[in-house]
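A.B. asks: Here is a sequence with its predicted model. Questions after.
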Amino acid sequence: MAELLASLPEEERIILTLHYLRSKTSRDIADLLAVPERAVIVVIESGKARLKGVLGL
């Protein structure tokens, strides 16, 4: 799993790590990174889809 995360683009890797491994909300991540919450949500959704595709889920 670590290799899979490492292969993601930096933005996705950071946001997905904060969201899934650090249990941060999209609002928390947006505040931390000083970006709109909607941008974080979009990255979480696209990153989740990418991981599902790679894992064959």
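C.D. replies: Received the coordinates, thanks. On a predicted model such as this, the values are computed, not experimentally measured, just so you know. Numbers count the residues shown, from 1 in each chain.
A.B. asks: Over to the residue nearest the centre of the chain: give its phi and psi.
C.D. replies: Nearest to the mean C-alpha position of the chain, by C-alpha atoms, centre = their mean, lies L16 at 2.3 Å. L16 has phi and psi values of phi -70, psi -40 when expressed as degrees, to the nearest 10.
A.B. asks: same check, this time on S46
C.D. replies: S46 has phi and psi values of phi -70, psi -40 when expressed as degrees, to the nearest 10.
A.B. asks: before we move on, what about T25?
C.D. replies: Summarising the backbone geometry of T25 under the convention degrees, to the nearest 10, its torsions are phi -80, psi 160.
A.B. asks: Next one, pLDDT for M1 please.
C.D. replies: We note a pLDDT of 75 for M1 in this prediction.
A.B. asks: got a list of what L51 touches?
C.D. replies: Listed by C-beta atoms under 8 Å, 6 or more residues apart in numbering, the contact partners of L51 are 4, 16. Where you see a C-beta, it was placed from the backbone N, CA and C, and this is true even at glycine.
A.B. asks: could you measure it against A30, distance?
C.D. replies: In this structure, L51 and A30 are 21 Å apart, going by C-beta to C-beta, to the nearest Å.
A.B. asks: need the helix or strand of this structure with the lowest average pLDDT.
C.D. replies: Taking mean pLDDT, DSSP states H and E as the measure, the chain has helix 2-7 as its least confident helix or strand, at a mean of 85.
A.B. asks: how about it: buried residues?
C.D. replies: Of the residues in helix 2-7, those scored as buried under the neighbour-count criterion (16 or more other C-beta atoms under 10 Å) are L5.
A.B. asks: export it as PDB, just CAs?
C.D. replies: What follows is helix 2-7, C-alpha atoms only, in PDB (Å, rounded to 0.1, in the frame of the first residue of the first chain):
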ATOM      1  CA  ALA A   2       2.900   2.400   0.800                       C
ATOM      2  CA  GLU A   3       4.200   1.900  -2.800                       C
ATOM      3  CA  LEU A   4       0.800   2.600  -4.200                       C
ATOM      4  CA  LEU A   5       0.500   5.800  -2.200                       C
ATOM      5  CA  ALA A   6       4.000   6.800  -3.200                       C
ATOM      6  CA  SER A   7       3.100   6.400  -6.900                       C
END
